[in-house]
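Novice: Need the 3D shape of this:
(chains A, B, C and D)
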Number of protein chains: 2
Amino acid sequence: MGLSYVEENYLKAILKLSGAPEGLVSTNAIAARLSTTAASVTDMLKKLSEKDLIHYTRYKGAALTPEGQRIATGLVRKHRLWEVFLVESLGMTWDEVHDIAEQLEHIQSDRLIESLDAFLGHPKFDPHGDPIPNAEGKYSVRAQVPLSSLTEGQEGTVIGVREDETAFLRHLNEKGLTPGRTVRVLTKDTYDNTLRLLTDGRELNLSGKAAKNIMIKIS
Amino acid sequence: MGLSYVEENYLKAILKLSGAPEGLVSTNAIAARLSTTAASVTDMLKKLSEKDLIHYTRYKGAALTPEGQRIATGLVRKHRLWEVFLVESLGMTWDEVHDIAEQLEHIQSDRLIESLDAFLGHPKFDPHGDPIPNAEGKYSVRAQVPLSSLTEGQEGTVIGVREDETAFLRHLNEKGLTPGRTVRVLTKDTYDNTLRLLTDGRELNLSGKAAKNIMIKIS
DNA sequence: AATAAAATTTAGATTAGTCTAAATATCGAT
DNA sequence: ATCGATATTTAGACTAATCTAAATTTTATT
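Specialist: Numbering: from 1, shown residues only, chains lettered A, B, ... in the order given. Below is the predicted model of the structure:
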């Protein structure tokens, strides 16, 4: 029934690689991503194909079936939710959470992941600003970026915030950073990423941390 | 360097089994606990012995070395901390957390587990009332049970509470349930485990949930 | 269209963990 | 102290995942 840790990693690799070039994913690309050999990949592709998780044709490449996609997307969901937990709840830093989430994403329990999601307030983005698929595997595909990723001079519209934590929302309300508002980045501190913003004719400062939680549609 | 999932499970099994009868743990006992065969256990005992994690003599049995004990105790620590998280933070129930913690205990990251410990407020006991070893592997070995496990008519002394959450401590203070106090269970609701207690000559009610966090030395 | 280079697959071996069945050791009872 | 029952180990085989080296297919170039 359940897949092995290794099989799951292959599915996730294929999902990641099928993003950019569109079409079939090559054996070598998977081998490079998983730091393994092409021969090992070929073996596994046969196996996953046998289980109807990928479409595979010899010498051509592989693509996820709907079922393979569902599983791979579920892994991404778990990975990103755990990253949110590690950063927001446990106070760990960006750079140290990936490897841990890489392990946590293989924990098997639907109840767990839905409880975690609720505990975190159903976040839509992980600490890196990447979208978190919902339980049905749908991404928030709105074209948006965290305010923290804008550079000096860029302008955009506030779409929403990453979480529904009351204190944070109140804070933004006071600053006037509400959905629909247009903001322009005046300066960005190179050391701590503090932003000087212009919105509604007024200037204000915003910490880099807060800026990561505000999603912007670039205009 | 790191041990495999399987090796870790063997060490934990040996730790658990060396509790009761004192002395060497038998091959069959381990096989029964891990739902495997005696032959498989023998193979693994040789391997763990090779790695100096257990002392093993053919036909006699096995016992953990100090290093094996350190690792096994670390697993117990992780298991119980995760159980606290699942119950207290995620609101999962008792019965569903064990299997999940069984997976989570194998996640490798010291930083993670220490952050989790801090996040939970350095709990000393898991939701079942079992003691959580600290980072150095020392248990709280006081002979104590959660107040929730007492039956009608039993009496004991409050030793302490499971967590250092301010609101909870204040609540107990108001009720007079402070360390050193003697309490007697008058009645225990069979449906929700609410307790009617007698302490310091006064009667009071306490929720089953709160009672699980109060540790008692039975007199 | 032929051929060299690159990509991919196959063949065969290896390791970790497991199993069954057979062999051996220990223990308890008479 | 021997014998039978029980516990344990050994022998040999299996699966999942991996590897290297050799064989094959695709591709890109002339």
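
Novice: Verify the stated contact: residue A:108 with residue A:3.
Specialist: No: in terms of C-beta atoms under 8 Å, residue A:108 does not count as a neighbour of residue A:3; the distance is 9.5 Å. Yep, even glycine has a C-beta here, placed from its N, CA and C like the rest.

Novice: So these two - more neighbours on which side?
Specialist: Taking other C-beta atoms under 10 Å in any protein chain shown, residue A:108 and residue A:3 do not tie; residue A:3 has more neighbours (18 against 14).

Novice: In three-state terms, label the closest residue to that one other than its chain neighbours for me.
Specialist: Of all residues not flanking residue A:3 in the chain, residue A:71 sits nearest, at 7.0 Å (C-beta to C-beta, 6 or more residues apart in numbering or on different chains). Of the three states, residue A:71 takes helix according to DSSP: H, G, I helix; E, B strand; the rest coil.

Novice: And the pLDDT at residue A:71?
Specialist: What the model reports for residue A:71 is a pLDDT of 97.

Novice: Surely residue A:2 touches residue A:106?
Specialist: No: using C-beta under 8 Å, residue A:2 is not in contact with residue A:106; the gap is 9.8 Å.

Novice: With neighbour numbers in mind, choose between those two.
Specialist: residue A:106 (20 against 8).

Novice: OK, contacts around that one?
Specialist: Each residue near residue A:106 by C-beta atoms under 8 Å, 6 or more residues apart in numbering or on different chains is listed here: A:5, A:8, A:75.

Novice: cutoff 6 Å now
Specialist: Contacts for residue A:106 were tallied using C-beta atoms under 6 Å, 6 or more residues apart in numbering or on different chains; they are residue A:5.

Novice: likewise residue A:126?
Specialist: Residue A:126 neighbours (C-beta under 6 Å, 6+ apart): A:80, A:83-84, A:132.

Novice: and the gap between it and DNA strand D?
Specialist: Residue A:126 sits 26 Å away from DNA strand D, going by C-beta to the nearest atom of the strand, to the nearest Å.

Novice: Look at the nearest residue to that residue once chain neighbours are set aside and report its pLDDT.
Specialist: Leaving aside its sequence neighbours, residue A:126 sits nearest to residue A:80 (C-beta to C-beta, 6+ apart; 3.8 Å). For residue A:80, the pLDDT comes out at 95.

Novice: Just say helix, strand or coil for residue A:80.
Specialist: Quick answer, by three-state DSSP: residue A:80 is helix.

Novice: wouldn't it be in contact with residue A:132 here?
Specialist: Yes: if you go by C-beta atoms under 6 Å, residue A:80 and residue A:132 touch, sitting 4.4 Å apart.

Novice: Report the beta-bridge partner residues of residue A:204.
Specialist: Beta-bridge partners for residue A:204, by DSSP bridges, are residue A:197.

Novice: what separates it from residue A:61, distance-wise?
Specialist: The gap separating residue A:204 from residue A:61 is 51 Å, by C-beta to C-beta, to the nearest Å.

Novice: Pretty sure residue A:184 sits in a strand.
Specialist: Yes: assessed by three-state DSSP, residue A:184 belongs to a strand.

Novice: May I have the beta-bridge partners of it?
Specialist: Going by DSSP bridges, residue A:184 forms beta bridges with residue A:155, residue A:198.

Novice: contacting residues around residue A:93?
Specialist: With C-beta under 6 Å, 6+ apart, residue A:93 has no contacts at all.

Novice: ok, now with 8 Å
Specialist: residue A:87.

Novice: if I look at it, how far off is residue B:97?
Specialist: Separation of residue A:93 from residue B:97 (C-beta to C-beta): 28 Å.

Novice: Find the residues that touch each one of residue A:80 and residue A:132.
Specialist: A:125-126.

Novice: From the recorded domain assignment, give the ranges for chain A.
Specialist: Domain ranges of chain A: A:5-64, A:74-141, A:145-218, per automatic domain parsing.

Novice: For residue B:194, which of those is the nearest?
Specialist: Among those, the nearest to residue B:194 by C-beta to C-beta is domain A:74-141 (25.2 Å).

Novice: Report pLDDT for the most centrally placed residue in chain A.
Specialist: A centroid search over chain A (C-alpha atoms, centre = their mean) returns residue A:130, at 2.9 Å, as the residue closest to the centre. Residue A:130 carries a pLDDT score of 78 in this model.

Novice: Likewise for residue A:124?
Specialist: 85.

Novice: Make sure it is actually in contact with residue A:130.
Specialist: No: using C-beta under 8 Å, residue A:124 makes no contact with residue A:130, being 10.1 Å away.
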